[in-house]
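Novice: dropping the sequence and predicted coords here.
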Amino acid sequence: MVFEAIGLRKEYQGAVALHGLDLQIDAGDVFCLLGANGAGKTTTIQLFLGFIEPTAGSARVLGHDMTRESVAARAGLAYIPENVMLYPHLTGLENLTFFTRLAGRDPGAQALRTILEEAGLQAAAIDRPVNTYSKGMRQKVGVAMAVAKEARALLLDEPTSGLDPRASNEFSRLLTRLRDQGVAILMATHDLFRAQEVGTRVGIMKHGQLVACRSTAELTPAELERIYLEHMHD
Amino acid sequence: MTDAPVAPRILREVLLKELRGITRDGRFRMAAVVVLTLLVAAVTFGLHTARQAEAEREAAQQAAEESWLSQGEKNPHVAAHYGKYVFKPPGVLAFFDPGVDAYLGVTLKLEAHRQHLPHDAAAQDASALQRFGQLSPAAVLQLFVPLMLIALGFGAWTAEREGGTLRLLAATGIPPQRLLTGKALGLAVALGMVLGLPMLAGLGYAVVAGEGVRAGLIATLYGVYFAVYLSVVLFISARVASSQQALVALVAFWGVTCLVAPRVVAEVSTLAAPLPSPAAFAQELSRSLTDGLPGTEGREARVEAIAAEMLRKEGFEGAETLMDDAMLQGIELAAEAAFEAEVLDHHVGGLLADLAWQERVAQWGAVASPLLALRSLSAALAGTDFAHHHAFQVQAETYRRQLVAMLNAELARRGGDDVWRYRAGRELWARAPVFEHLPPGLGDVLASQRVALGVLFGWLALVAFGAARAARRIRVVL
């Protein structure tokens, strides 16, 4: 089990953001969390990252409890936020080298350059400072970071938000490749189309609860949209 | 392809990234230019002033000696009244930190019956702001380097959070303490890039001048002081929500510790041991010299008692009528000198005790500001603190008494029947002992500064612990 939530609960000053979530995600599984803003998707991601502490229950990644063993768990974990914010004065390659070495890996400059190109970054952009990059280019560096780190667990928080269709499509292909390599992925998104495309399972969150959980293989895009809208209109 | 995480390599990565970020920032160049310009100006001015002062002191010392030797024929006791001047030699490091020398003076007149004090002694506890205006190299390092650290490091954690990179950093799995160490080293190396060369040049100068050990200790203690501010910068940056808050909090901390606390501690030390005004002190001293110390039998009775004791020791008790006038006059002069020494020891000793108490309060005041601890240590090691000044005064007073005793003894030995008609000449003046000032040794200096040393290292331990704890508990998202 790569990701495991057991009775995971989070309250902010008495307001419940997440009600006792139970969830398991295996290697090669892509679980897409759908839901409106404030449904608890980002809270779930942040609990799995160990950025916040649960009020009750536990979030485990690669067998490590994120409250007590977050540093060990993060060794095999990668994270791509909605906006991958890098050091603007460093180039794409310098950023990737820095974060990869921080994670304890050092594949070498040529290998990292190849990873960036495979992530879809143009060769000419690799040595440019990141402050000249578009959001899509920064998201690609984020994917490259996950690849270079050889992460076995990947958390994504609305990674395609604001990307143009082409960039979004390229991003989906990258995720599919990681999925096929056995990486477990938990992705919070509003994008039903991408969830259907890359996800192996989808879960719909509402008011901090996982109200529906289905395999994408069992659903057509229209059915997914219908289920989603049903829950949104309740 | 995959290497195990190696702490030194990761540390190096963080350090290089921090350094790259700091040095590519315009703030670094601006801060470096400001600090270096001030430092170069202060060193140039300090060296020029110190050399000028040394030349003037040498010339004055020579003139004083020549004046003493060429004073012509006179009665030895009259010569003692004319007296002579002695001068406190400036230390090699006085250019770096002038300490209290400028306020307490380096010149003393020595004469019979009087122990002169620097005329502005009471000004020493009001020196905090005056020193600010002095702009010595020490003042530049003490006041401006903390500001530089604040300018470079206030966003060390907050900017990572605001820029979104803190989440990516945390997700790498790097322990926060290692990140903290890397950030601290980055700031330290950036500071070293600015101060390294001037510091090496200063150390080289001190080594050549024979004060390498003291200069090395000064450099080490300034390093500790900078580490205190560096830790405070990282602590506050980790604790507050935004870079703006961090900057405001750090500038406030600098203002309180570098501007307010020194003034407050100076005031508190004055209240703890108030000094008499120079006029009141002189009046009290004069009254005691005329009437005797308060609560005693009075001047005449005390001088007689001392003279009787001297006669008894010499084996002439009850045989005064058999002694020649010169010998009796000599005994009388010696008794008067001993009485005056008692009075002077009483009053000057009390004043020095008050000053020493103020010094102790000031050293403990470092609990409120690391600057006070460093200021005390810096002046002590540069040989310009109150302890060095006190040592000079004590040695000068000892010398004064030796000189007067020697002249009085000469008068008693050779005065004949009418001692006041006796005249001595250059041969006697040349036999007078030469004043040589021996500054306190390094061991004594460090012993006198143990409170300041303890408080400075206490500050470092406290804020370094705080910075490490804040890093461990840093909130990646708010």
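Specialist: Looks like it came in fine.
Novice: CA atoms for contacts and neighbours, from now on please.
Specialist: Fine.
Novice: residue 172: neighbour count?
Specialist: Looking at chain A here, since you left the chain open. Neighbour count of residue A:172, defined by other Cα atoms under 10 Å in any protein chain shown: 19.
Novice: could you do chain B instead?
Specialist: 28.
Novice: hang on, residue A:16 in a strand?
Specialist: Yes. Per DSSP: H, G, I helix; E, B strand; the rest coil, residue A:16 lies within a strand segment.
Novice: now it: how far from residue B:354?
Specialist: Distance, residue A:16 to residue B:354, by Cα to Cα, to the nearest Å: 65 Å.
Novice: same question for residue B:248.
Specialist: 39 Å.
Novice: more crowded one of those two?
Specialist: More neighbours surround residue B:354 than the other of residue B:248 and residue B:354, with 19 against 12 (other Cα under 10 Å).
Novice: contacts only, for residue B:81.
Specialist: B:111-113 (Cα atoms under 8 Å, 6 or more residues apart in numbering or on different chains).
Novice: now it: which helix or strand?
Specialist: Counting by DSSP states H and E, the element that carries residue B:81 is helix B:76-82.
Novice: count of neighbours near the closest residue to chain B within chain A?
Specialist: Proximity of chain A to chain B (Cα to the nearest Cα) peaks at residue A:104, 3.9 Å away. A count of neighbours around residue A:104, defined by other Cα under 10 Å, yields 20.
Novice: can I take it that it is in a strand?
Specialist: No. According to three-state DSSP, residue A:104 belongs to no strand; its state is coil.
Novice: that one contacts residue B:8, correct?
Specialist: No. Using Cα atoms under 8 Å, residue A:104 is not in contact with residue B:8, being 10.8 Å away.
Novice: following the lowest-mean-pLDDT helix or strand in chain B, which helix or strand comes up?
Specialist: When the helices and strands of chain B are scored by mean pLDDT, DSSP states H and E, helix B:127-134 comes last with a mean of 46. Sequence-wise, the next helix or strand downstream of helix B:127-134 (DSSP H and E) is helix B:137-153.
Novice: any residue of stretch B:458-475 up close to chain A?
Specialist: Yes. Looking at stretch B:458-475 against chain A by Cα under 8 Å from any Cα of the partner chain, the contacts come from residue B:475.
Novice: contacting residues around that stretch?
Specialist: With Cα under 8 Å, 6+ apart, stretch B:458-475 has contacts from A:51-52, B:176-177, B:180, B:224-225, B:227-228, B:231-232, B:234-236, B:238-239, B:367, B:370.
Novice: buried residues in that stretch?
Specialist: Across stretch B:458-475, burial judged by 16 or more other Cα atoms under 10 Å in any protein chain shown covers B:459-460, B:463-464, B:466-472, B:474-475.
Novice: which secondary structure state does the residue in the stretch 351-478 of chain B positioned nearest to chain A sit in?
Specialist: Residue nearest to chain A within the stretch 351-478 of chain B: residue B:476 (5.8 Å; Cα to the nearest Cα). Assigned with three-state DSSP, residue B:476 falls in the coil class.
Novice: isn't it right next to residue B:168, touching?
Specialist: No. If you go by Cα under 8 Å, residue B:476 and residue B:168 don't touch, sitting 9.5 Å apart.
Novice: which residues sit in contact with the residue nearest to residue B:189 when sequence neighbours are not counted?
Specialist: Residue nearest to residue B:189 in three dimensions, not counting chain neighbours: residue B:19, with 7.4 Å by Cα to Cα, 6 or more residues apart in numbering or on different chains. Neighbour list for residue B:19: B:186-187, B:189-190 [criterion: Cα under 8 Å, 6+ apart].
Novice: residue B:182 falls within a strand, correct?
Specialist: No. Going by three-state DSSP, the assignment for residue B:182 is helix, not a strand.
Novice: any figure for the gap between it and residue B:227?
Specialist: 14 Å.
Novice: now residue A:187
Specialist: From residue A:187 over to residue B:227 (counting by Cα to Cα), the distance is 43 Å.
Novice: up against chain B, what does chain A have?
Specialist: So chain A meets chain B at A:49, A:51-52, A:70-75, A:77-80, A:84-87, A:89, A:98-107 (Cα under 8 Å from any Cα).
Novice: restricted to helices, list those residues.
Specialist: A:49, A:70-74, A:98-102 (DSSP state H).
Novice: so the residue nearest to the spatial centre of chain A, which of the three states?
Specialist: Central residue of chain A (Cα atoms, centre = their mean): residue A:156, 1.4 Å from the mean position. Secondary structure assignment for residue A:156 (three-state DSSP): strand.
Novice: any chance of a PyMOL selection covering the buried ones in the residues of chain A next to chain B?
Specialist: The PyMOL selection below is limited to those of the residues of chain A next to chain B classed as buried (16+ other Cα under 10 Å):
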select buried, chain A and resi 49+51+52+70+71+72+73+74+75+77+78+79+80+84+85+86+87+89+98+99+100+101+102+103+104+105+106
